[in-house]
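**Q** I would like the atomic coordinates for the input below:
(2 chains)
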Protein chains: 2
Amino acid sequence: MFDSRRLYDGAPAARHVPADQAAVRRSNLGLVLRHLRDAGPRSRARIAQDTGLNKATVSSLVAELSDRRLVTAGDVDRAGSVGRPGVLVHLDGRGVCGIGVELNVDYVAVLVVDLRGEALLERRVACDVPGLGPEGTLDAVAGLVGEGVAAAAARGAVPVGITVAVPGLVRSPGGVATHAPNLGWRDVPVLDGLRARVAGDCPIRVENDANLAVIAEWATGPEARTPDLVHLTGEVGVGCGVIVDGRLLRGAGGLSGEVGHTPLGDPDLLCGCGRRGCWETVVGLTALLRAAADPEDPVHDHGRDLETRLAEIAARADAGHRRTLDALARVGSALGTGAAVLINVLNPRVVLLGGYFAVLGRFLVEPMTAELRARVLAPDLGGARVVLSTLGFSAAVRGGAHVALESVFDDPTLVPADGTAAGP
Amino acid sequence: MFDSRRLYDGAPAARHVPADQAAVRRSNLGLVLRHLRDAGPRSRARIAQDTGLNKATVSSLVAELSDRRLVTAGDVDRAGSVGRPGVLVHLDGRGVCGIGVELNVDYVAVLVVDLRGEALLERRVACDVPGLGPEGTLDAVAGLVGEGVAAAAARGAVPVGITVAVPGLVRSPGGVATHAPNLGWRDVPVLDGLRARVAGDCPIRVENDANLAVIAEWATGPEARTPDLVHLTGEVGVGCGVIVDGRLLRGAGGLSGEVGHTPLGDPDLLCGCGRRGCWETVVGLTALLRAAADPEDPVHDHGRDLETRLAEIAARADAGHRRTLDALARVGSALGTGAAVLINVLNPRVVLLGGYFAVLGRFLVEPMTAELRARVLAPDLGGARVVLSTLGFSAAVRGGAHVALESVFDDPTLVPADGTAAGP
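**A** Model (predicted):
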């Protein structure tokens, strides 16, 4: 059976040797809960059969999960049953939720998701983060977290974790954004800043946005569970998250995926990182907008919602506007140049395009693919497909909420029997 | 305890659930044998303590391994012992060997290694492989394999496997070199060709040379067991092997690591793959030689031993020869440009330079590091160190021999009790 702990923690679950009876129990509770999430509702007998646990143990585990309001037992299973039909056990978990928040160049966003994956709140607010600076931005993020907690409380759900997505290098476990060139941030203590602003003791972690985006795609997107996956997010910068053989590629220091500063761009163009010729300078959102429209064009206005601005670009392209089409073709081709490097090095099964690359994907994929064909050494792109993400700009917050909820799957006893979540 | 099966097979050993008593026995025999290799000679009591197996089982396993001549029990362990001193059990395995062979642009090579890692034969023969073509080359490789088998037989060792390193894309499990641009080969059935030429039923596999080189470094080199490792081999082409989190990065179709054709080179230079501007065109051996010496200079002569030609380059550089020094500085800097991409994407702990990059490393590392500092986004290169390989041009054959011997660690019963290896 699939164990999603391997993805995020990077350690095979089988290495974990429970130290005592209570740890064995927690581990088995998590096993059953994950199985219900991944395989869908099923009878106790079927759970026992699938997991190898004995039936009495499964009954006891389901009873405890039910006490903790993480599962419900309801409808009768009549599918192909011989003998007494079993009662189906469902994942419930409406009582707990995970919160993903994101700060990016143009916006801050929040997504609250319960254990079943249902969104309780999703909000994105246009926001000039570089202009606002770290303190003002963390105030805005804390405000959104507060809205999330309130929305959850209104539905009777208690947050079990908050994950903050940052577009840049993050030092773990301290949660410091050491280097976020497009925000103009260096060594900003995001974790400490939010701990000081957010009430309660809900665990908070800070993570690179591209890592969270690829986790969301891998866990919930249309290409879920693709073991070799590259996810490119187009925003002001370019985020790159990589799954290798079913595990998040973190690198030795958690600093992997920084493909945006590969010298594949126009050598004369200055990048937000201070270098010249970075790939971002030809495929980032700024590059597209600059090529597509004059500076006074409203598509450049950071104060407007990004999706509205992108819809305007798409409308112009659909209307056959030459400059817009040329700009998109150029970005698509440049996207292929960098993606070819990733395909040559990583040989993924799928290259997922997210962020603005997905929104404008129908104009980008053709020139991108032409460039890939010219640049990838292996025949047929080494078997790689280019796929547009369906998660839109929500991928990072969705990944953040997913990671927060993983703590419950790791240890369902974090949620007490009265339905109120406890801190770890 | 470390289990090296994870490295090559890409599957955590813990996933393996032995199906029956015999499988449990084989698995435990392998466990003890690996432990003696990795941890060194020790008493049965200590093996039991280290592995968690009970003492009676360990005694029985050691007796069987001894019958198969894979271990010997000899000297008495007096180190810190309380009570009866134990007899030390050593890995022996002089009776079995693995054979690594390599075909490259300028040479074919063989290395025969016994289970203890001792080389029984190492040979490299200068050879114009593109000129000779597939048939002639496979004849030459089969001839070297024959020499290897004879040298092993003279020492009483029987080969358990042959691994062939090829500088290009290899389709597994068919062993077809689908694309080896620097040889001018496409879809050459290397495995079938060698099976037809090599007597006996010793298992043969075909693998990308860069993957085998990084396996050798990871298993036996000075940076052994570094969990995040990139290995760049400088030859006519550039090979790139990657270890991520202790596992070989193979990619979805086993086609990863093709960094040589990243468009980071001089856009006007034609590459062996038919494209222009590939990285290889500025860091491959041909680029160095062309920059360092006129066409009639004997360093260009493919008929001469490569190490002799490189020693000549090094001697000129040491003598302060301006053109040679400039060529090396240019290659070093270009090496940094490509390595920076790999560091940004993969965040390794160590970048190992092999092949001619290692031989001339003292002239390359300084300009390379300067370029890395300018190009890597993370501070201090994200913690990465640049290290020169000590395996020289033997890395791929050493990796090949290592992979061949892994079959014995996976299943020691492949070696029968009379000391003659059986096919699988």
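**Q** C-alpha from now on. contacts and neighbour counts both.
**A** Fine.
**Q** ranges for the helices of the stretch 151-300 of chain A?
**A** Along the stretch 151-300 of chain A, counting by DSSP state H, counting those that start in this stretch, helices occupy A:190-197, A:209-220, A:280-283, A:285-292.
**Q** need those in JSON lines with mean pLDDT, mean neighbour count and distance to chain B, can you?
**A** Formatted as JSON lines, the helices of the stretch 151-300 of chain A follow (pLDDT from 0 to 100; neighbours: other Cα atoms under 10 Å in any protein chain shown; distance: least, Cα to the nearest Cα, whole Å):
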{"stretch": "helix A:190-197", "mean pLDDT": "96", "mean neighbour count": "17", "distance to chain B": "18"}
{"stretch": "helix A:209-220", "mean pLDDT": "93", "mean neighbour count": "27", "distance to chain B": "12"}
{"stretch": "helix A:280-283", "mean pLDDT": "95", "mean neighbour count": "28", "distance to chain B": "13"}
{"stretch": "helix A:285-292", "mean pLDDT": "95", "mean neighbour count": "19", "distance to chain B": "20"}
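**Q** quick one: the helix or strand harbouring A:Val112 to chain centroid distance?
**A** Here A:Val112 sits within strand A:107-114, counting by DSSP states H and E. From the chain centre to the centre of strand A:107-114 is a distance of 11 Å (Cα atoms, centre = their mean, to the nearest Å).
**Q** quick one: mean pLDDT for that strand?
**A** Average pLDDT, strand A:107-114: 96.
**Q** now stretch A:309-317
**A** Rounded mean pLDDT across stretch A:309-317 is 97.
**Q** give me the distance from it to the chain's centre.
**A** Computed by Cα atoms, centre = their mean, the separation of stretch A:309-317 from the middle of its chain amounts to 26 Å.
**Q** in its sheet, what does the strand holding A:Val112 sit against?
**A** Next to strand A:107-114 in the sheet, as set by DSSP bridges, lie strand A:96-103 (antiparallel), strand A:119-126 (antiparallel).
**Q** alpha carbons of the helix or strand hosting A:Thr308, in CSV - could you do that?
**A** Assigned by DSSP H and E, A:Thr308 belongs to helix A:306-318. Extracted C-alpha coordinates of helix A:306-318, given in CSV (Å, rounded to 0.1, in the frame of the first residue of the first chain):
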residue,chain,number,x,y,z
LEU,A,306,-3.5,38.5,-11.5
GLU,A,307,-6.1,36.2,-13.1
THR,A,308,-7.9,39.1,-14.5
ARG,A,309,-4.8,40.4,-16.1
LEU,A,310,-3.9,37.0,-17.5
ALA,A,311,-7.5,36.6,-18.9
GLU,A,312,-6.9,39.9,-20.7
ILE,A,313,-3.7,38.5,-22.3
ALA,A,314,-5.6,35.3,-23.3
ALA,A,315,-8.4,37.4,-24.8
ARG,A,316,-6.0,39.4,-26.9
ALA,A,317,-4.2,36.2,-28.1
ASP,A,318,-7.6,34.7,-29.0
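**Q** need the strands paired with strand A:107-114 in a markdown table (columns: mean pLDDT).
**A** Shown next, in a markdown table, are the strands paired with strand A:107-114 (pLDDT from 0 to 100):
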| stretch | mean pLDDT |
| --- | --- |
| strand A:96-103 | 96 |
| strand A:119-126 | 94 |
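**Q** can you tell me which of these is packed in deepest?
**A** strand A:96-103 (a mean of 30; mean count of other Cα atoms under 10 Å in any protein chain shown).
**Q** and that strand with helix A:209-220, angle?
**A** In terms of direction (axes from the mean of the first three to the mean of the last three Cα atoms, to 10 degrees), strand A:96-103 departs from helix A:209-220 by 140 degrees.
**Q** which elements pack onto the one helix or strand A:Arg46 maps to?
**A** Using DSSP H and E, A:Arg46 falls within helix A:44-51. With contacts taken as 3 or more Cα pairs under 8 Å, 6 or more residues apart in numbering or on different chains; DSSP states H and E, helix A:44-51 sits against helix A:21-39, helix A:55-67, strand A:86-91.
**Q** avg pLDDT for that helix?
**A** 92.
**Q** next, the angle strand A:86-91 makes with that helix.
**A** Using the same axes, to 10 degrees: helix A:44-51 against strand A:86-91 is 60 degrees.
**Q** what are the buried residues along helix A:44-51?
**A** Buried residues in helix A:44-51, counted by 16 or more other Cα atoms under 10 Å in any protein chain shown: A:44-48.
**Q** need the strands paired with strand A:107-114 in JSON lines with distance to A:Pro295, can you?
**A** JSON lines is the format used below for the strands paired with strand A:107-114 (distance: least, Cα to Cα, whole Å):
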{"stretch": "strand A:96-103", "distance to A:Pro295": "25"}
{"stretch": "strand A:119-126", "distance to A:Pro295": "19"}
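**Q** quick one, which of those gets closest to B:Gly338.
**A** Within those, the stretch nearest B:Gly338 is strand A:96-103; the backing value is 31.1 Å (Cα to Cα).
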